[in-house]
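>>> okay, here's the prediction I keep looking at, along with the sequence it came from:
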Amino acid sequence: DAKTTQPTSMDCAEGRAANLPCNHSTISGNEYVYWYRQIHSQGPQYIIHGLKNNETNEMASLIITEDRKSSTLILPHATLRDTAVYYCIVRVGGSGAGSYQLTFGKGTKLSVIP
Amino acid sequence: EAQVTQNPRYLITVTGKKLTVTCSQNMNHEYMSWYRQDPGLGLRQIYYSMNVEVTDKGDVPEGYKVSRKEKRNFPLILESPSPNQTSLYFCASSGRGRGTEAFFGQGTRLTVV
């Protein structure tokens, strides 16, 4: 799987948009970009994923650059409960074992400030 | 409600005493896996299972066993726990197909003394 690079930490004011960047310059054509977050020591929680197009759901938006070498997770109105470690993961598609596996890096620790 | 359930949530045991951490999912998922999380090392995969009776090693399988006799259950077995297996453990499951999400359990904090 392609390697990802994320900033170690970020701060965001409560109520503002949080923009979390991720570089995945070696991503290949059949690899998806996934985002998970882990609040304190709870189990990681799925947020969103995408292949080429931008995606939006009730939690967040995912913007993937046209060359697919980087992406940004956007939390439109960050709250204190969004304080967590956010993981950007590149994961191959298909139905083989690799398509299920998630390789977690260090992630970005997002602190939402009141 | 779709969920992955791990038990126990907390466990303190002594070196060498066999233990099992259970994991159960109610989503009929084919794929299940175990991770451990340690400070500075992040989440690392221990074992995974593609389906019933199909298991394989992850990145850090030493000292662990798993079994998958039923689709919903994927227990993690420590035959002879050692202090270096003190960690936070997570079970996860996901279904088949492109772009499926993984669901994680709440975690089991294990201390081996």
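Received it, and whenever you're ready, just let me know what you need.

>>> drop to CA atoms for contacts and neighbour counts, all remaining ones
Fine.

>>> nearest the middle, which residue of chain A would you pick?
A:W35 (3.0 Å; C-alpha atoms, centre = their mean).

>>> immediately after the helix or strand where that one lies, which helix or strand?
Per DSSP states H and E: A:W35 is located in strand A:31-38. Scanning forward in sequence from strand A:31-38 by DSSP H and E, the next helix or strand is strand A:45-50.

>>> surely A:N19 is in a strand?
Yes. The assignment for A:N19 by DSSP: H, G, I helix; E, B strand; the rest coil puts it in a strand.

>>> could you measure from the residue lying closest to the residue nearest to the centre of chain A once chain neighbours are set aside over to chain B?
Nearest-residue entry for A:W35: A:C88, 4.7 Å, with adjacent residues in sequence omitted and distances by C-alpha to C-alpha, 6 or more residues apart in numbering or on different chains. A:C88 is 13 Å from chain B, where distance means C-alpha to the nearest C-alpha, to the nearest Å.

>>> wait, doesn't A:C88 sit right on A:G107?
Yes. Between A:C88 and A:G107 there is a contact at 6.7 Å, judged by C-alpha atoms under 8 Å.

>>> of the two, which one has the most company?
A:C88 (30 against 24; other C-alpha atoms under 10 Å in any protein chain shown).

>>> what helix or strand is that one located in?
Here A:C88 is assigned to strand A:84-92, by DSSP H and E.

>>> any idea of the angle that strand forms with strand A:31-38?
Here strand A:84-92 runs at an angle of 160 degrees relative to strand A:31-38 (axes from the mean of the first three to the mean of the last three C-alpha atoms, to 10 degrees).

>>> helix or strand right after strand A:84-92?
Counting by DSSP H and E, what follows strand A:84-92 is strand A:108-113.

>>> in its sheet, what does that following strand sit against?
Take DSSP bridges as the rule and strand A:108-113 pairs in its sheet with strand A:9-13 (parallel), strand A:84-92 (antiparallel).

>>> show me the one of those that comes nearest A:T103.
For A:T103, the closest of these is strand A:84-92, at 6.6 Å, according to C-alpha to C-alpha.

>>> residue ranges in chain B under the pLDDT threshold?
B:97-99 (pLDDT under 70).

>>> again, only this time at 80
B:96-100 (pLDDT under 80).
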